[in-house]
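1. Turn this into a model:
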Amino acid sequence: MGLAGLILVWGLLFYLVRPLLPSSDYAVTAVFQGRPIQAKLLKPLCISGLYYVHLTDDETLRSGYRLIGFDPNKKLFFSPNQYVGPLGIFYVHTDQLGGMDVTDLKKQSAQMATEFSSTGARCFNDTLSVSLTHRRVP
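-> Residues are numbered from 1 along each chain as shown. Next comes the predicted model:
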């Protein structure tokens, strides 16, 4: 495979998937079953207005909470599909950037309420609470 083939493959992959990179646009606070847990804010490469909160605590992973999507422009939290590629890099498919609205999930235990304000947003249920606060204007 020559250089042209490599560029073609890379371009096709970039068209189909977007890696999730760390972002500092919002401060993230997450609480699981009453105790603070670690959470990272991620943003898809070359796509503005979408954020993903990656919950890294082992217990939350076992409970099925891994990634929560956030779109501040649409005032929406969503449960996206996530994928882990080589070297542990998280990514999303460009045709699946969104997901199921967290207030409309099928499993009653997974449904969440949402709150939005001028300084940030929050989604929560009896088990998990995720808050995002503006660090700078997105």
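2. What residues of stretch 18-25 count as buried?
-> Buried residues in stretch 18-25, counted by 16 or more other C-beta atoms under 10 Å: 18, 19, 20, 23. The C-beta positions use only the backbone N, C-alpha and C, and glycine is treated the same way.
3. what about the second one, which helix or strand?
-> Per DSSP states H and E: residue 19 is located in strand 17-22.
4. For the helix or strand following that strand, report the contacting residues that lie outside it.
-> Using DSSP H and E, the helix or strand that directly follows strand 17-22 along the chain is strand 26-32. Strand 26-32 is contacted by residues 36-41, 51, 53, 55, 57, 59-60, 63, 65, 70, 120, 127-135, 138 when judged by C-beta atoms under 8 Å, 6 or more residues apart in numbering.
5. Partner strands of strand 26-32, with direction?
-> strand 35-37 (antiparallel), strand 128-134 (antiparallel) (DSSP bridges).
6. Mean pLDDT per helix and strand in this protein: which one sits at the bottom?
-> Least confident helix or strand, the chain: strand 99-101 with a mean of 49, by mean pLDDT, DSSP states H and E.
7. For the strand holding residue 19, give the mean pLDDT please.
-> Strand 17-22 shows a mean pLDDT of 78.
8. on contacts alone, who are the packing partners of that strand?
-> Packed against strand 17-22 by the contact rule (3 or more C-beta pairs under 8 Å, 6 or more residues apart in numbering; DSSP states H and E) you find strand 39-44, strand 90-93.
9. My read is that residue 66 contacts residue 54, right?
-> Yes - Residue 66 is within contact range of residue 54, at 7.1 Å (criterion: C-beta atoms under 8 Å).
10. Mind listing the shared neighbours of those two?
-> Common neighbours of residue 66 and residue 54 are not found (criterion: C-beta under 8 Å, 6+ apart).
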